[in-house]
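Q: coords please:
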Amino acid sequence: MSRNDNTSSTRSSLKFFLLVFSLTIPLWIVEAVINVKGLPLDVPITDFIATFTPLIAACILVYQEEGSIGIKRLLKRVFDFSKIKQKICYFPVIFLMPAIYLLIYGVMQLFRLPLPIGGEIPFLQNSLIFVVIFMGATGEEVGWSGYAVDAMQKRWSALTTAIAIGLVWAIWHFPSMIQQGRDLTWIVWGTLGTVCVRILMVWLYNNTEKSVSACIIFHSMANIGRILFPKDQTHNPLVDYPNIHYSIIAVTAVIVICLWGSKTLSRYRYA
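A: The predicted structure follows:
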């Protein structure tokens, strides 16, 4: 049994979730009182700060369970690329979300939905966005993937783990969605999409020998794709058509479940 297996058996996902929310609630209050935007997609700056609460929560709990050595071991997982033995796994890690966004755009074109003509790409004006996105993904995935997934998979199947974390992850985003003016229908679609993205991430995590680096890269590419997706002052397709946006992500997750199985999400049926 690996060291990760031994330590994960003593971990409590419930404590982790409660601590994440406890750390985030003050930021939600600040966000409600002081509406400070400035990030791409009109995301409040407090949302970026909140991305580090899963990492902080994981470090607090790991310190209680294993001491400072455990924290060092946890943080080393940010760069655990060596775990990705099958180099073909880099393909979905890097390119799956961009491919999904291309498909989403193609479907929108097929249905002749109003789409932006031209539009700006904020990325090209500020290369620091790359660093911000990677930092945010790291802050989240050290907690969600590096701490919670292993603890939950000790008790439940990979699919159940992914759905549970995905639901918590979605609820954690609700205040941000509401702050950005999303209605109930949009939030329902957003919840579905968030859960399905987490299914894809647990699938990649289990197929890369539990690499947190793989999840960080995948998470980063998902956010990069959202920013690069064509938009202008009139049309923001990912926001305007959540049914198409999140349905395609959901179909992708269903395909993964059917091909790799719900128990582990890592046993390819036709291998």
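Q: residues of stretch 132-141 that come out buried?
A: Using 16 or more other Cβ atoms under 10 Å as the test for burial, stretch 132-141 gives I133, F134, M135, G136, A137, T138, G139, E140, E141. From N, CA and C alone the C-beta is placed, and that goes for glycine too.
Q: spatially, which residue comes closest to the fifth one, not counting chain neighbours?
A: This points to A137. What sits nearest to A137 in space, not counting adjacent residues and going by Cβ to Cβ, 6 or more residues apart in numbering, is H219, at 3.8 Å.
Q: quick one: the buried residues of stretch 132-141 as TSV, columns for secondary structure too.
A: Converted to TSV, the buried residues of stretch 132-141 look like this (DSSP: H, G, I helix; E, B strand; the rest coil):
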residue	secondary structure
I133	helix
F134	helix
M135	helix
G136	helix
A137	helix
T138	helix
G139	helix
E140	helix
E141	helix
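Q: just give me the neighbour total for V239.
A: Applying other Cβ atoms under 10 Å, we find 18 residues neighbouring V239.
Q: quick check: which element contains it?
A: Following DSSP states H and E, one finds V239 within helix 237-240.
Q: tell me the mean pLDDT over that helix?
A: Mean pLDDT, computed over helix 237-240, is 95.
Q: for it, name the packing helices and strands.
A: Helix 237-240 sits against helix 90-110, with contacts defined as 3 or more Cβ pairs under 8 Å, 6 or more residues apart in numbering; DSSP states H and E.
Q: show me which residues of the helix it packs on are buried.
A: P92, V93, L96, M97, I100, Y101, I104, Y105, M108.
Q: and for the closest residue to the first one other than its chain neighbours, the neighbour number?
A: If I follow you right, that is P92. Among residues not flanking P92 along the chain, L204 sits closest, at 6.4 Å (Cβ to Cβ, 6+ apart). Counted with other Cβ under 10 Å, the neighbours of L204 add up to 23.
Q: can you check the one 10 residues further on too?
A: Taking other Cβ under 10 Å as the criterion, the count of residues near A214 is 27.
Q: kindly report the same for Q179.
A: Using other Cβ under 10 Å, the number of residues around Q179 comes to 18.
Q: let's have the chain start at 217 instead
A: Understood, numbering begins at 217; the last thing we discussed is Q395.
Q: isn't it up against I250?
A: No. Counting by Cβ atoms under 8 Å, Q395 does not reach I250; the two are 11.3 Å apart.
Q: pretty sure R289 sits against G283.
A: No. R289 lies out of contact with G283 (Cβ under 8 Å); the separation is 10.2 Å.
Q: the two: which is more packed in?
A: R289 (15 against 10).
Q: the more buried one and L243: what is the separation?
A: Distance of R289 to L243, computed by Cβ to Cβ, to the nearest Å: 28 Å.
Q: appreciated, that's everything.
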